[in-house]
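**Student:** I'll drop the sequence and a predicted model, then ask my questions.
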Amino acid sequence: MISAFMLAQAIALGVIGAIVAVIGLTKRPFNDFVLGAAALSLLTLVVQAVVSFIAPFTGNGPTGDLLEYWTYLLTALVIPPGAVLWALVDKQGRWSTLIVGIGILACAVMVYRMHQIWFVQIA
C-alpha cells in the first residue's frame with residue numbers, strides 16, 4: 001500500500017465530503033455534481049481495494065490486523081452507493097444531498113483509519 005496515496009485519498013474525500021455536505025446544508029436538491037462526487041469517491045476506494053489486494057504479494061503487508069483492514073475497506077466500498085441509493089429514493093427530500101456528503105466524510109475517516117491499520121499498528 002502506498003502511504004501518500006492513502007493520505008491524499010483521505011484528504012480528498014474529506015474535502016469532497018465537506019463540499020457536498022455544505023451543498024446539502026443549503027438545501028439544494030440531489031444533482032449530477034453530487035452523483036459525480038460519490039462516483040469519484042467510489043472510484044478511489046476501488047483503486048485502493050485493487051492496490052490493497054496486490055500489495056501483500058509484493059512484500060508490503062499491513063502491520064495491523066488484516067481482517068480489520070478489509071472490514072473497513074469493504075464497508076467503505078458500500079457507503080457511497082448506499083448513500084446515493086438513499087438519495088435517489090428520497091430525491092425530493094430536503095436531506096438527500098447531505099446524506100451523500102456525510103457518507104463521503106465517513107469514508108474519509110475510514111480511509112484514515114485504514115492507513116493507521118496498514119502502516120502504524122504493530123501486530
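**Tutor:** Perfect, thanks for sending it.

**Student:** centre of the chain to stretch 8-17, how far?
**Tutor:** 8 Å (C-alpha atoms, centre = their mean, to the nearest Å).

**Student:** pLDDT below threshold where in this structure?
**Tutor:** Along the chain, segments meeting pLDDT under 70 span 1, 122-123.

**Student:** which residues in it form helices?
**Tutor:** Secondary structure of the chain by DSSP state H: the helices cover 3-25, 32-54, 66-89, 96-115.

**Student:** out of the ones you listed, which is the most enclosed?
**Tutor:** Compared across the helices of the chain, helix 96-115 shows the largest average neighbour count, a mean of 22 (mean count of other C-beta atoms under 10 Å). All C-beta atoms are positioned from the backbone trio N, CA, C, and that covers glycine.

**Student:** same for it, what does it pack against?
**Tutor:** helix 3-25, helix 32-54, helix 66-89 (3 or more C-beta pairs under 8 Å, 6 or more residues apart in numbering; DSSP states H and E).

**Student:** angle of the first one against helix 32-54?
**Tutor:** Angle, helix 3-25 to helix 32-54, by axes from the mean of the first three to the mean of the last three C-alpha atoms, to 10 degrees: 160 degrees.

**Student:** dump helix 3-25 to CSV, restricted to CA.
**Tutor:** Extracted C-alpha coordinates of helix 3-25, given in CSV (Å, rounded to 0.1, in the frame of the first residue of the first chain):
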residue,chain,number,x,y,z
SER,A,3,1.1,5.8,2.2
ALA,A,4,1.0,9.0,0.2
PHE,A,5,-2.0,7.7,-1.8
MET,A,6,-4.0,6.8,1.3
LEU,A,7,-3.3,10.1,2.9
ALA,A,8,-4.1,12.0,-0.2
GLN,A,9,-7.3,10.0,-0.6
ALA,A,10,-8.4,10.7,2.9
ILE,A,11,-7.8,14.4,2.4
ALA,A,12,-9.6,14.4,-1.0
LEU,A,13,-12.5,12.5,0.4
GLY,A,14,-12.7,14.9,3.3
VAL,A,15,-12.8,17.9,1.1
ILE,A,16,-15.3,16.4,-1.4
GLY,A,17,-17.5,15.3,1.5
ALA,A,18,-17.4,18.7,3.1
ILE,A,19,-18.3,20.4,-0.1
VAL,A,20,-21.2,18.0,-0.7
ALA,A,21,-22.3,18.4,2.9
VAL,A,22,-22.3,22.2,2.6
ILE,A,23,-24.4,21.9,-0.6
GLY,A,24,-26.8,19.7,1.4
LEU,A,25,-27.0,22.1,4.3
